[in-house]
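S.K.: Curious how this folds, go ahead:
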Amino acid sequence: MLKRTPLYESHASLGARLVDFAGWEMPVQYSGPIAEHLAVREAAGLFDVSHMGEVEVVGEGALELLQNLTTNDVSKLADNQVQYSALTNPQGGVIDDLLVYRINATHFLLVVNAGNSDGDYDWIKDHADKAGVTAYNLSSAYALLALQGPRSEEILQGLSDHMLDRIPYYWSQRVHIDGVDTRVSRTGYTGEDGFEILCSPENARHLWNRLLITGRDLGLLPCGLAARNTLRLEAAFRLWGHDMDESTTPLEAGLGWIVKLQKGNFIGGDVLAGQKAKGLSRKLVGFEMQDRAPARDGYKVKIGGVEIGSVASGSPAPYLKKNIGLVYLPIEHTAIGTELAIDIRGRDVPARIVETPFYTRKKKFD
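M.R.: Numbers count the residues shown, from 1 in each chain. The predicted structure follows:
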């Protein structure tokens, strides 16, 4: 049996196409992935991401525990600040990427990937028990909505007295939305300004419907997983299981900015320090097709007729009107402008390494 979010009936009533995603019955599209993608870039889109996992870490040793488990420096967070980070194994591989919310000095909320949530919780709890810290798997206690796009603030402000422009990028606040108590963070996975809204499951449908009604005349569309994937790829956001996993390090994945070696010891930190000192042998790079044919995940990548890798993530980019992708390559072949070939059904289609992110919005917040 597939798991369902509190919004399953809402998706069905809107005619969403539902698919199995990490064991969840989730909407892949409503009006169509291109229309939904463009709505987020030009107006706003609303996503149900309630399949994501939530783990709360509580206790006097919570900060020290998270410093040991994650790559980023949790000590730099103030109350209500949010941080992107990674859980790493002793080999420096990425167990998962996640968001760390500091609620206060002894209370943290972690938002993890749906397919990894049970394993992440077991990993965190095992270390928490040894440290005398309490870890709770509260995934079923939360629903999570993502309102994304340049008109997101305008739409959400219509349902709240809270001054949303006072929430900086990667900060959160307790906010009442249409009378519902929520935690709103200025975060997202699309490359646009927007918010992620944590609420109780019983309030999810009310908020979903109110947001769609409030945003309808401003161009808001309900959006599915297909648009979420193309949006995140245009922004070159990594997807666990494709662009990183336990066999790749954050440094190889181009996430060196979340690896704070100077903070002190953490799991896998010694390996990452050694890798940084020695230099990478491979890394993740972006490429752009020089042909109308799109590269898909898993397609073989060649240089000079020799296979040297496979596409980690690849798809058309609806807003950019290009075909793009990410691939791990030996470090000697990663210079911008390097010519590649992607094997598409037996045909070597030309591509070129380009700078990432492929798309960058004009930032309202630093």
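S.K.: so what are the domain limits for this structure?
M.R.: By the assignment in automatic domain parsing, the chain contains the domains 8-49+142-234, 53-138, 281-366.
S.K.: okay, how far is it across the second one, tip to tip?
M.R.: Okay, so that is domain 53-138. 8 Å (C-alpha to C-alpha, to the nearest Å).
S.K.: Equivalent analysis for stretch 315-325, please.
M.R.: End-to-end distance for stretch 315-325, by C-alpha to C-alpha: 6 Å.
S.K.: Kindly report the same for stretch 174-187.
M.R.: 14 Å.
S.K.: Pull out the buried residues from that stretch.
M.R.: When burial is assessed from 16 or more other C-beta atoms under 10 Å, stretch 174-187 yields the following buried residues: 175, 177, 178, 180, 182, 183, 184, 185, 186, 187. Yep, even glycine has a C-beta here, placed from its N, CA and C like the rest.
S.K.: is it true that the second one touches residue 157?
M.R.: The reference is to residue 177. No. The pair residue 177 / residue 157 is not scored as a contact, 10.0 Å apart, by C-beta atoms under 8 Å.
S.K.: quick check, residue 75 in a strand?
M.R.: No. If the criterion is DSSP: H, G, I helix; E, B strand; the rest coil, then residue 75 is helix and not within a strand.
S.K.: what's near enough to touch it?
M.R.: 63, 67, 263 (C-beta atoms under 8 Å, 6 or more residues apart in numbering).
S.K.: Now do the helix or strand hosting residue 38: distance to the chain's middle.
M.R.: Using DSSP states H and E, residue 38 maps to helix 33-42. Put simply, helix 33-42 sits 18 Å off its chain's centre (C-alpha atoms, centre = their mean, to the nearest Å).
S.K.: likewise stretch 125-144?
M.R.: 20 Å.
S.K.: Check stretch 162-182 too.
M.R.: Remark: stretch 162-182 is offset 20 Å from the chain centroid, using C-alpha atoms, centre = their mean.
S.K.: what does stretch 223-240 give?
M.R.: Stretch 223-240 sits 8 Å away from the centroid of its parent chain (C-alpha atoms, centre = their mean).
S.K.: got it, and stretch 259-271?
M.R.: Relative to its parent chain, stretch 259-271 has a centroid offset of 22 Å by C-alpha atoms, centre = their mean.
S.K.: What of stretch 239-246?
M.R.: Using C-alpha atoms, centre = their mean, the offset of stretch 239-246 from its chain centre is 11 Å.
S.K.: got the buried residues for it?
M.R.: Across stretch 239-246, burial judged by 16+ other C-beta under 10 Å covers 239, 240, 241, 242, 243, 244, 246.
S.K.: what does it contact?
M.R.: The contact list for stretch 239-246 (C-beta under 8 Å, 6+ apart) reads 89, 91, 93-97, 113, 115-116, 229, 232-233, 238, 250, 252-253, 255, 284, 297, 312-313, 326.
S.K.: a markdown table for the buried residues of stretch 239-246, including secondary structure and distance to residue 150?
M.R.: Compiled in a markdown table, these are given as follows (DSSP: H, G, I helix; E, B strand; the rest coil; distance: C-beta to C-beta, whole Å):
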| residue | secondary structure | distance to residue 150 |
| --- | --- | --- |
| 239 | coil | 23 |
| 240 | strand | 27 |
| 241 | coil | 30 |
| 242 | coil | 27 |
| 243 | coil | 26 |
| 244 | strand | 29 |
| 246 | coil | 36 |
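S.K.: Make JSON lines out of the domains of the chain and add mean pLDDT and distance to residue 267.
M.R.: Putting the domains of the chain into JSON lines (pLDDT from 0 to 100; distance: least, C-beta to C-beta, whole Å) gives the following:
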{"stretch": "domain 8-49+142-234", "mean pLDDT": "98", "distance to residue 267": "24"}
{"stretch": "domain 53-138", "mean pLDDT": "98", "distance to residue 267": "6"}
{"stretch": "domain 281-366", "mean pLDDT": "95", "distance to residue 267": "22"}
